[in-house]
Every structure is written in structure tokens, then in C-alpha cells.
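missing the sequence, but the structure's below:
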């Protein structure tokens with residue numbers, strides 16, 4: 001395909017992806033109230049602990065903007081199979097068979113890990129909100145802006161979900177021969193420090209239990225990625241050793257054949 005044909009195909013695939021996102025976003029706009037109700041459930045736990053916390057609409061356009069925001073997020077998530085397919089379909093023709101397997105493996109493994117990370121973020125969300133609410137005096141009633149609360153909850157859940165993709169990236173770099181298992185294992189101390197810092201930033205005030213809930217699964221996934229990389233390095237080393245042995249055997253056969261050649265034939269040659 002020429003450059004213009006590639007641009008035309010890219011335009012068509014982007015158009016399909018955007019249309020899918022728009023359709024699901026419109027549908028998400030009408031279920032935004034239910035999504036907001038789900039996000040507000042952590043506040044029920046605060047009420048059981050004696051805190052008075054309410055979500056509030058403080059601006060004329062805030063309710064509409066909030067529904068638009070929720071609908072847009074739902075559109076991206078619900079249409080992900082379509083825009084992921086369009087992205088893959090655009091790049092796959094230019095990839096080798098091995099690279100295609102890597103790309104498909106990356107996507108297939110990323111989705112469940114991302115969802116697991118989002119579920120973990122959702123699980124610790126009430127504890128984090130409780131920490132922030134706990135700074136207020138008991139005699140106060142806290143009024144949280146609905147749009148600000150949704151943005152905070154969404155950022156936290158997505159950040160934890162993205163953190164769970166770290167082992168997939170490490171394994172992909174290893175399979176692409178950019179990073180060895182030895183390097184991953186050697187950097188485990190730095191990994192522990194960075195994961196602890198991430199967990200601390202996601203759980204303000206250093207709430208230990210939430211840090212453990214966030215940090216331990218990510219650290220376990222890090223060592224799991226190191227283990228997969230180690231097995232892949234061993235497989236690659238065995239393959240290279242076999243190829244070297246075959247090459248040496250071929251060279252030895254050629255040398256032996258040359259030594260057995262008739263001197264008269266060599267002279268004629």
C-alpha cells in the first residue's frame with residue numbers, strides 16, 4: 001500500500017473507533033445516575049462510622065457536566081473491544097508472525113490485569129476517603145462536590161489499574177530481547193521502593209493496611225514477571241545453543257568433506 005492508502009485506512013479505522021465511543025458514550029449518559037450511585041456507596045460506610053458526608057451539586061451546569069464525563073468514560077471502556085481491534089487491525093499487516101503473537105499476548109494479558117487493578121483500587125477507595133474525611137472535626141458536616149468526587153475516584157481506580165500493567169510491560173520488554181531476567185531480578189530493591197512510594201501516594205497519611213493491599217499484589221506481579229522472563233531467557237539460551245551446535249556440526253561436515261576430496265579434483269578445480 002502507498003502512503004495515501006495507509007492514511008485512508010487510518011482515517012477509516014479512527015472514524016469507526018470514534019463512532020463506537022460516541023454511541024456507547026450516549027448510552028452511558030443515560031445510566032450515569034446509576035454509576036454515580038455505585039461510586040457513592042463508599043460514603044455509606046462512612047455514615048455507618050458516624051461521619052456525615054453528602055454529595056452535592058454546587059453549580060448550575062455541574063450535573064450535566066458530570067453526566068457527560070461519566071458517559072465519556074463509559075464510552076471509552078465499553079467500546080474498548082472495537083477500538084482495540086481497529087488499532088490491532090491497522091498495525092498487524094506490517095508485523096512479523098512473532099511480533100503478532102507478542103502484540104496479541106500483551107493485549108490478552110493486559111485486560112484481566114487492568115480490571116484486577118481497578119477492582120483493587122475500588123476496594124481501597126472507602127479507606128482512602130475515610131482518611132481524608134477523618135481530618136475534619138466531628139461536629140462538622142462535609143459536603144463533597146459530586147464532580148470532584150467522581151474525578152478523584154476515577155483517577156484513583158485508573159491509576160491502580162495502570163500500575164497492575166507493569167509486569168506485562170516487563171515481560172514484553174524481555175520477549176523483545178530489550179530486558180533480561182537478570183536485570184529485572186537485580187533491580188528488585190528499587191522495585192520495592194518505587195512500589196512502596198506509589199502505594200504511599202495512593203493512600204495518603206500512610207494508612208498501612210491500604211498500602212499493603214495496594215503494594216503486595218503489585219510486588220507479587222513484579223516477581224511473577226521476573227519468573228516468566230527467567231523461563232523465557234532459559235528457553236532462548238537453549239535455542240541459541242542448539243543453533244550454535246547445528247552450525248558447528250555443519251561446519252565440521254563441510255571441513256570433513258573438503259579433506260576427503262581427491263587431490264586430482266582439487267588440482268583440476
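Alright, I've got the coordinates. Here the structure is a predicted model, which means the values were calculated and not measured. Numbers count the residues shown, from 1 in each chain.

now the helices for the chain?
With DSSP state H as the criterion, the chain has helices at 3-30, 32-48, 62-78, 80-91, 97-134, 146-163, 166-175, 181-186, 188-202, 208-259, 263-268.

Tell me which of the ones you listed sits most buried.
helix 166-175 (a mean of 20; mean count of other C-beta atoms under 10 Å). Backbone N, C-alpha and C define where each C-beta goes, glycine included.

That one - contacts with which helices or strands?
In terms of contacts (3 or more C-beta pairs under 8 Å, 6 or more residues apart in numbering; DSSP states H and E), helix 166-175 is packed against helix 97-134, helix 181-186, helix 208-259.

so how far is the shortest one off the chain centroid?
Centre-to-centre, helix 181-186 and its host chain are 21 Å apart (C-alpha atoms, centre = their mean, to the nearest Å).

List of residues touching it?
Here helix 181-186 makes contact (C-beta atoms under 8 Å, 6 or more residues apart in numbering) with 170, 174, 222, 225-226, 229-230, 232-233.

Tell me the predicted confidence for residue 194.
Residue 194 carries a pLDDT value of 89.

Distance check, the closest residue to residue 144 other than its chain neighbours against residue 73.
By the measure of C-beta to C-beta, 6 or more residues apart in numbering, the closest residue to residue 144 outside its immediate chain neighbours is residue 55, 5.5 Å from it. Distance of residue 55 to residue 73, given as C-beta to C-beta, to the nearest Å: 17 Å.

Over to residue 23?
Using C-beta to C-beta, residue 23 is found at 15 Å from residue 73.

Tally up the residues packed near the spatially closest residue to residue 146 that is not a sequence neighbour, please.
Once flanking residues are discounted, residue 146 sits nearest to residue 55: 4.6 Å by C-beta to C-beta, 6+ apart. Residue 55 has 18 neighbours, counted by other C-beta atoms under 10 Å.

Any chance of the backbone angles for residue 31?
Per-residue torsions, residue 31: phi -110, psi 10 (degrees, to the nearest 10).
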